[in-house]
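Trainee: sequence and predicted structure below; questions after.
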Amino acid sequence: MSALTTARGRGPRLRWLPIAPATLLLLLFLGGPIAYCVYIAFTDMQLTGASSTHFVGFDNFRRAFADDKFLNAVVLTLVFTVLSSIVGQNTLGLGLAALMRRASRPVRTLTGAIVIAAWVLPEIVAGFLLYAFFERRGTLNDILGLLHLPSQNWLFTLPILAVSFANVWRGTAFSMLVYSAALGDIPQAVSYTHL
C-alpha cells in the first residue's frame, strides 16, 4: 500500500519530465531576452555601444510619456497591428483556408502556389516589388488612374498603409496554412454546415 501511495505521489511530478527540455528552452530563449529588455529599460544604456551603464529608474519612462511623438508612435503601432495582423493576416488567412477547403483541386493548387510564392520570396525581392507597387509612378497609381481616381505618393502620404499591406502580403500564407491545418481536423459535414 505504501509503494502504491509513493507511486501516485510521484506521478504528477514525473508528468513534467517530457516537457522539461522544451520549458527550459522557452525560458532561456524567450524569458531571457524579455528579462534583459526589462533590465535595460531602467538603465541609460545607449545603442551606440557606450561602455558604462547606470541605473536610472523610471527616467526613461518619464521622458517617453512626456514626448509628443510617443502618442503618435502608440497610435501607429495599434493601426499597424489591427490592419496587418487582425484584419489582414488572420481574416484573409482564414478566408483563403475556408475557400480552399471548398474549392476544386486545381483552384486549391493554384491559390496555394500563389500565396506560398509570396511568402517564400526573399525579403529584398519582396521589398523591390512592394516599392514598385506603391511608388508614385507605380502599379497602384496606374490602377487608380484607370479607375479615374486621384493618385498620390503612398510611401510618403500613407506609409503605415504601405507597411501594413506589405506585412499582410508576407504573413497571410502562414495564417492560411495554420487555419487549413485546423480546418482539416473538422469533419466535412460540420464545416459545410457552419462555415
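Mentor: Cool, the structure landed.

Trainee: any idea of the mean pLDDT for stretch 135-155?
Mentor: Averaged across stretch 135-155, pLDDT comes to 89.

Trainee: ditto for stretch 165-178
Mentor: Stretch 165-178 shows a mean pLDDT of 85.

Trainee: chain center to it: distance?
Mentor: For stretch 165-178, the separation from the chain centroid amounts to 8 Å (computed by Cα atoms, centre = their mean, to the nearest Å).

Trainee: can you give me the buried ones in that stretch?
Mentor: Within stretch 165-178, the residues that count as buried by 16 or more other Cβ atoms under 10 Å are 165-173, 175-177. Where C-beta positions appear, they are placed from N, C-alpha and C, glycine not excepted.

Trainee: check stretch 41-60 too.
Mentor: If you call a residue buried by 16+ other Cβ under 10 Å, then stretch 41-60 has these buried ones: M45.

Trainee: and the lengthiest helix in the chain, what does it pack against?
Mentor: For the chain, the helix that runs over the most residues, judged by DSSP state H, is helix 159-184. In terms of contacts (3 or more Cβ pairs under 8 Å, 6 or more residues apart in numbering; DSSP states H and E), helix 159-184 is packed against helix 68-80, helix 92-102, helix 105-120, helix 123-134, helix 154-157.

Trainee: the buried residues of stretch 165-178 into a markdown table, with extra columns for distance to G32?
Mentor: As requested, the buried residues of stretch 165-178 are exported to a markdown table (distance: Cβ to Cβ, whole Å):
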| residue | distance to G32 |
| --- | --- |
| F165 | 34 |
| A166 | 30 |
| N167 | 27 |
| V168 | 31 |
| W169 | 32 |
| R170 | 27 |
| G171 | 26 |
| T172 | 31 |
| A173 | 30 |
| S175 | 28 |
| M176 | 32 |
| L177 | 29 |
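
Trainee: nearest to T53, of these?
Mentor: T53 lies nearest to N167 out of these, by Cβ to Cβ, at 33.2 Å.
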